[in-house]
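1. show me the folded form of this:
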Amino acid sequence: MNLSIELHQKVAEDHPHDVVDGIDDVFVEAIWHELDWQLPRERVRCVVAEIALGFQDATVKSFLPILVRRMALVRLRKEINEIVSTDNHLLDEQS
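-> Just a heads-up that it's a prediction; the model follows:
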């Protein structure tokens with residue numbers, strides 16, 4: 001696991017109750033399913049919590065679940081693509 005992921009997980013774990021209304025286990029589960037379970041649920045939870053923490057001081061929170069979902073999907077899909085790219089590179093080296 002790279003340092004960036006470890007740091008993000010640490011931030012999310014240190015502030016588990018500082019999440020935005022509407023961001024809960026059901027929300028995380030929906031994103032995890034949308035990603036076809038390609039990453040561990042805990043990783044999805046950490047990314048969602050970290051992004052939500054960035055909005056904890058927002059004065060208007062009506063659209064935060066939409067923003068958090070969108071940002072989490074972008075970040076997590078990027079991670080998935082990096083994993084797939086690395087796996088493909090390793091397979092090419094073995095051939």
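2. and the average pLDDT for the lengthiest helix in the chain is what?
-> Looking across the chain with DSSP state H, the single longest helix is helix 64-94. Throughout helix 64-94, pLDDT has a mean value of 87.
3. give me the number of residues near the closest residue to Arg75 other than its chain neighbours?
-> Sequence neighbours aside, Val47 is the residue nearest to Arg75 in space, at 5.7 Å (criterion: CB to CB, 6 or more residues apart in numbering). No exception for glycine: its C-beta is placed from N, CA and C like everyone else's. Val47 has 24 neighbours, counted by other CB atoms under 10 Å.
4. show me which residues of whichever strand or helix holds Val47 are buried.
-> Using DSSP states H and E, Val47 falls within helix 41-53. For helix 41-53, the neighbour count (16 or more other CB atoms under 10 Å) marks 43-53 as buried.
5. which of the residues you listed lies closest to Phe27?
-> Set against Phe27, the nearest of the buried residues of helix 41-53 by CB to CB is Val48 (6.8 Å).
6. one step back: what is the mean pLDDT for the helix holding Val47?
-> What helix 41-53 shows for mean pLDDT is 95.
7. angle of that helix against helix 64-94?
-> Per axes from the mean of the first three to the mean of the last three CA atoms, to 10 degrees, the angle that helix 41-53 makes with helix 64-94 is 140 degrees.
8. restricting to C-alpha, output helix 41-53 in CSV.
-> Extracted in CSV, the C-alpha atoms of helix 41-53 (Å, rounded to 0.1, in the frame of the first residue of the first chain):
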residue,chain,number,x,y,z
ARG,A,41,-15.2,-2.2,1.4
GLU,A,42,-13.0,-0.7,4.1
ARG,A,43,-11.0,1.2,1.4
VAL,A,44,-14.2,2.6,0.0
ARG,A,45,-15.3,3.6,3.5
CYS,A,46,-12.0,5.4,4.2
VAL,A,47,-12.1,7.4,1.0
VAL,A,48,-15.7,8.4,1.5
ALA,A,49,-15.0,9.4,5.1
GLU,A,50,-12.0,11.4,4.1
ILE,A,51,-13.9,13.3,1.4
ALA,A,52,-16.8,13.9,3.7
LEU,A,53,-14.4,15.3,6.3
